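Student: Generate a structure from the sequence data that follows.
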Amino acid sequence: MQNKLLIFLYFKNSPGQSRTIFFHLQELGLYGLEATLIPVLSFEFLSLPSFSEKLSHPEDYGGLIFTSPRAVEAAQLCLEKNNKTEVWERSLKEKWNAKSVYVVGNATASLVSKIGLDTEGETCGNAEKLAEYICSRESSALPLLFPCGNLKREILPKALKDKGIAMESVTVYQTIPHPGIQGNLNSYYSQQGVPASITFFSPSGLTYSLKHIQELSGDNIDQIKFAAIGPTTARALAAQGLPVSCTAESPTPQALATGIRKALQPHGCC
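Tutor: The predicted structure is shown next:
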């Protein structure tokens, strides 16, 4: 019998993230693990006219930083909504490619490549490591343009500031709880019972769902193996007093599947 898993989806209305999670499911299936997706977060785009204007002036910046698929999707919307596709292809893309385009993770890198930009830093895995990478390479006096969400952490901006690297942030989306969290969790527990493992993809996903999970699991919550996609989410779990059975070594389907499989083995750990 396959192990029942409960995996949380970052954003319900994010095509890029949906594709990423689909590949997670495929990879988990190869390991004989059955996963269920439950969306806990959604989002709204913000300040797209301002971001679009900044994208139109690459000469004002030393490069770009993308740390989430949503930020890239915001860039795609700017190109589509403001009829900038032609000028992007004709000149802007080349001008940005003459600069550094830093990204976190392969999913984000894949989306950035689809708008024609060359990326670096995707193997860093998280914002902390990307900050180290940027600090070791960046020498431009111009600021780096950083489209981000309203819940962005300050580790990357602070690390760059401490090294004297200028950065300009623009908030292009805000995170909100998905309206169906409680109903979807109730449905899962009534049909499947207590899951063998729950994987969280972000601290905010944990924040919006933990109360419901605790209520539904009751005394059986100690049976659940809690997994995190990375160290930031793992720290958020630990801060809530939850044991972290698995932290993926890198934000990839393979690493996550390997880690969960180990955690579900008798006396397993990862």
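Student: Strands along the stretch 1-150 of the chain, start to end?
Tutor: 3-9, 33-39, 41-45, 63-66, 100-103, 144-149 (DSSP state E, counting those that start in this stretch).
Student: out of these, which comes closest to Gly116?
Tutor: Closest approach to Gly116 among the strands of the stretch 1-150 of the chain is made by strand 100-103 (10.3 Å; C-beta to C-beta). For every residue, glycine as well, the C-beta is placed using N, CA and C.
Student: for the record, mean pLDDT for that closest one?
Tutor: Mean pLDDT, computed over strand 100-103, is 96.
Student: What of stretch 263-270?
Tutor: The model assigns stretch 263-270 a mean pLDDT of 67.
Student: just for the stretch 101-250 of the chain, where's the confidence low?
Tutor: Applying pLDDT under 70 to the stretch 101-250 of the chain flags no residue at all.
Student: about what we covered before: of all the strands of the stretch 1-150 of the chain, which one is nearest Asp219?
Tutor: Here strand 3-9 is closest among the strands of the stretch 1-150 of the chain (C-beta to C-beta), at 17.8 Å.
Student: any idea how far Leu111 is from Ala257?
Tutor: Separation of Ala257 from Leu111 (C-beta to C-beta, to the nearest Å): 22 Å.
Student: Could you check which of the two is surrounded by more residues?
Tutor: Leu111 (27 against 22; other C-beta atoms under 10 Å).
Student: Would you agree that one is in contact with Glu73?
Tutor: Yes: using C-beta atoms under 8 Å, Leu111 is in contact with Glu73, at 7.0 Å.
Student: export the strands of the stretch 1-150 of the chain to CSV and tack on mean neighbour count and distance to Ser52?
Tutor: Below are the strands of the stretch 1-150 of the chain laid out as CSV (neighbours: other C-beta atoms under 10 Å; distance: least, C-beta to C-beta, whole Å):
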stretch, mean neighbour count, distance to Ser52
strand 3-9, 21, 28
strand 33-39, 19, 28
strand 41-45, 19, 11
strand 63-66, 25, 14
strand 100-103, 24, 17
strand 144-149, 23, 11
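Student: which ones are touching Glu44?
Tutor: Tyr173, Gln174, Ile176 (C-beta atoms under 8 Å, 6 or more residues apart in numbering).
Student: Closest to the centroid, which residue in this protein?
Tutor: Nearest to the mean C-alpha position of the chain, by C-alpha atoms, centre = their mean, lies Ser68 at 5.2 Å.
Student: what's the distance between that one and Pro179?
Tutor: Taken as C-beta to C-beta, the span from Ser68 to Pro179 is 21 Å.
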